[in-house]
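> Sequence and computational prediction follow.
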Number of protein chains: 2
Amino acid sequence: MKKILTAALAMLVFLSLGAQEIRYFNAAELNVIGKAIPTAKDFTRIDTAAYKFNDKVIEEYACHSTGLAVLFATDSPIIKARWQTSQKNAEENFTAIAQKGLDLYIKKDGEWVFAGVGRPNMSKGPAYDQHEGTIVKSMAPGRKECLLYLPLFDSLDSLFIGVEEGSYVEPVENPFKYRIVVKGSSVTHGLAASRPGMSYAARFGRDNGFYTFNLGFSGKSKLQKEFAQYLADIEDVDAFIFDAFSNPSAEIIHEDFDTFVDIIRAAHPDVPLIFMQTERRESRNFDTWREDFEAKKQAAAEEEIRERMKTDKHIYFLPSDEFLGDEHIATSDGSHPTDLGFTYMLESISPKILKIFRKYGIR
Amino acid sequence: MKKILTAALAMLVFLSLGAQEIRYFNAAELNVIGKAIPTAKDFTRIDTAAYKFNDKVIEEYACHSTGLAVLFATDSPIIKARWQTSQKNAEENFTAIAQKGLDLYIKKDGEWVFAGVGRPNMSKGPAYDQHEGTIVKSMAPGRKECLLYLPLFDSLDSLFIGVEEGSYVEPVENPFKYRIVVKGSSVTHGLAASRPGMSYAARFGRDNGFYTFNLGFSGKSKLQKEFAQYLADIEDVDAFIFDAFSNPSAEIIHEDFDTFVDIIRAAHPDVPLIFMQTERRESRNFDTWREDFEAKKQAAAEEEIRERMKTDKHIYFLPSDEFLGDEHIATSDGSHPTDLGFTYMLESISPKILKIFRKYGIR
């Protein structure tokens, strides 16, 4: 009889472990960070009702959750997630985890340490916009402060965070300081990072404790007045970092650069504007047309910037020579830096930007 | 009249440029390299009619074109490709370019320099196993020696290389020396490289001029006798490099390691066997179950290797401490090194392997 009872008890323990009760919390009710200007929708970075771009792709990208993250704390040993994105397929040149997935960091000895990913559903079924998975499990007891980056290249319609029944989940205050706006092309958008938290903007912010806003728009960052107006409207900006010369042609750079800066300067007269030269794309290695097109872009950028720097002492220019290393191995497709490319890029720009920041008391 | 003629001529030139005539060549008739033992099918790395593994997934992976490449020369200014893979979806933790795409390098000043990628079709239509694209265009005149890596994580049913009508395409002799067999897990299979030519086995071979064979089997490299027998059957092997301890549990390592080595040693008594310790996975950061499981695997591997080294002076063991750097940023999902991870890994293993190789006259 005692044996049977022991066996039954063991079975009960086993069952309760196997069918662990999970309770889901709406992430929108925790602390969602990364919006330069508040938006009506929970996980949308720019409100397309308030800002019109006259371009369907830009408006789609404005609704991406790029650069957004959720801050929360929990004492659960397991963290799961259920989330919904659009139904569009992943692009071929970076991981679906980066595009449609989640990327969790937990505070450990004062550092944000990678904890796990939320893997998007890659099935061909009708529900491939519905994702569910375990991000991390079997954690030691105790409170964990969590930073969960949201999809880089998709809209996020809902997100629920699952924890063990009886555990708490509560918002955590934003620990990142200053307001650093990063505006640019696909490179800024996060192509071709391997995870949502691996874009250079996210890494620069996480590594240095700065609050960065990701305004990367793949292929669409062409010095438009509409973008300048949006940037002008952002309040309390401490610095702008621009990857502004990757998408426009040399002609557009010559035509529109001054107006773009004028609009921002009218609202932010003394804020440092740090412009990066566009990378030397690997697609130039053998393509003579691309070589010519890119060289002209780079020359136009340098010319316009140098001219503007003569009258604006808060404009800075960062060369891009080191952005992709020298072994031709740092992009996924000839244009888009992988995590290796972003590492080279950050090794080049971070000390230069931090030096500029110190002049403005940003540290 | 003259104006009209000039305009008509200009239009003709434009049309002929626009509708550039492309002629396709069957890549199977060029020089396909990377098969350790010849196979009946053009782009299959292991012949599953000759080698049985009693495991459907292993047999699927045996048919992948992992590590295979096509060597050819052309004087065409443009290189295109049409290829067919399986209909399976890409996995979420690395790029579809790496899994189902192509990766071209062209010889320049004695080095293989990245030239472009073949992007797989990501549409939802019925023909998503049919891929077509321009890899590089607008090249300067002259002969180009080309090294085209094939999909890392899919079967390749056919491949045609397109060049401008009137250009030649001819096979190029394999310039890679020695026969280095690399056997392992998903890490060896190429997860999570960004392009087919960015697996660590391909990079080690390309960077050092060695002929490497990629026998990575994601999740399935568990010291099986069937794999050992296949490795025993490979002729003229100069060295084996093993990522042998990533997939098996500690128990399997203790049980099967000696038999695995015995089978290989019976055929290759004096060939250096270089065993890498399995990486310290990032999924251990907070998961105590994973921490325990992985620590036991690593201890078992070290124990078995050290014991075997006492009686076999051609066995080597490489520690893995540096494989993923120390910032927890080198994997796409906690387990699989990105190009950044492979860079760290190669920085660690390459000098050690080259030093071992020199003892055997491999240089």
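Everything's here; your move. Numbers count the residues shown, from 1 in each chain, chains lettered A, B, ... in the order given.
> From the opening residue of stretch A:50-65 to its closing one, how far?
Using CA to CA, to the nearest Å, the end-to-end distance of stretch A:50-65 comes out at 17 Å.
> Now do the buried residues in that stretch.
Going by neighbour count (16 or more other CB atoms under 10 Å in any protein chain shown), the buried part of stretch A:50-65 is A:51, A:53, A:58, A:60-65. All C-beta atoms are positioned from the backbone trio N, CA, C, and that covers glycine.
> Adding secondary structure and pLDDT as columns, could you present those residues in CSV?
Shown next, in CSV, are the buried residues of stretch A:50-65 (DSSP: H, G, I helix; E, B strand; the rest coil; pLDDT from 0 to 100):
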residue, secondary structure, pLDDT
A:Y51, coil, 97
A:F53, coil, 95
A:I58, helix, 98
A:E60, helix, 98
A:Y61, helix, 98
A:A62, helix, 98
A:C63, coil, 98
A:H64, strand, 98
A:S65, coil, 98
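> Which positions in the stretch 101-250 of chain A make contact with chain B?
Counting by CB under 8 Å from any CB of the partner chain, the residues of the stretch 101-250 of chain A lying close to chain B are A:101, A:106, A:108, A:113-117, A:119-120, A:122-124, A:136-140, A:144, A:192, A:194-195, A:198, A:203.
> Those in helices, which ones?
Under the assignment DSSP state H, these contribute A:R203 to helices.
> Of the residues of the stretch 101-250 of chain A next to chain B, just the buried ones, PyMOL syntax please.
To isolate the buried members of those in PyMOL, using 16+ other CB under 10 Å:
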select buried, chain A and resi 101+106+113+114+115+116+117+119+120+122+136+137+139+144+192+194+195+198+203
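> which residue ranges form the helices in the stretch 101-250 of chain A?
A:186-189, A:200-208, A:225-233, A:250-267 (DSSP state H, counting those that start in this stretch).
> So which of these is the most surrounded?
Greatest average neighbour count among these goes to helix A:186-189 (a mean of 27), per mean count of other CB atoms under 10 Å in any protein chain shown.
> follow-up on the earlier one: farthest pair within the buried residues of stretch A:50-65?
Spatially, the most separated pair among those is A:F53 and A:S65, at 17.7 Å (CB to CB).
> circling back: CSV please, covering the buried residues of stretch A:50-65 and showing distance to chain B.
As requested, the buried residues of stretch A:50-65 are exported to CSV (distance: CB to the nearest CB, whole Å):
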residue, distance to chain B
A:Y51, 29
A:F53, 25
A:I58, 21
A:E60, 16
A:Y61, 18
A:A62, 22
A:C63, 20
A:H64, 18
A:S65, 17
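> A:K88 and chain B: what is the separation?
9 Å (CB to the nearest CB, to the nearest Å).
> right, I mislabeled it, should have said A:P248
Here A:P248 is placed at a distance of 21 Å from chain B (CB to the nearest CB).
> Report the spatially closest residue to that residue, excluding sequence-adjacent ones.
Closest residue in space to A:P248, ignoring its immediate chain neighbours: A:K222 at 4.3 Å, by CB to CB, 6 or more residues apart in numbering or on different chains.
> Tell me the pLDDT of that neighbour.
On pLDDT, A:K222 comes in at 98.
> List the residues that contact it.
Going by CB atoms under 8 Å, 6 or more residues apart in numbering or on different chains, A:K222 touches A:247-248, A:252, A:256.
> with the residues you listed in mind, which one is nearest to chain B?
When the contacts of A:K222 are ranked by distance to chain B (CB to the nearest CB), A:N247 comes first, at 19.3 Å.
> Pass me the low-pLDDT residue ranges in chain A, would you?
Applying pLDDT under 70 to chain A flags residues A:1-19, A:124-127.
> Which of the three states applies to the spatially most central residue of it?
Central residue of chain A (CA atoms, centre = their mean): A:G67, 3.1 Å from the mean position. Under the three-state scheme (DSSP: H, G, I helix; E, B strand; the rest coil), A:G67 adopts coil.
> Quick check: it touching A:F213?
Yes - between A:G67 and A:F213 there is a contact at 6.1 Å, judged by CB atoms under 8 Å.
> Strands of the stretch 1-150 of chain A, start to end?
Assigned by DSSP state E, counting those that start in this stretch, the strands in the stretch 1-150 of chain A fall at A:22-26, A:31-33, A:69-74, A:79-85, A:102-108, A:111-118, A:130-136, A:144-149.
> Make TSV out of the ones you listed and add distance to A:I234.
What follows is the strands of the stretch 1-150 of chain A, written out as TSV (distance: least, CB to CB, whole Å):
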stretch	distance to A:I234
strand A:22-26	27
strand A:31-33	14
strand A:69-74	18
strand A:79-85	26
strand A:102-108	25
strand A:111-118	24
strand A:130-136	31
strand A:144-149	21
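> All set now, cheers.
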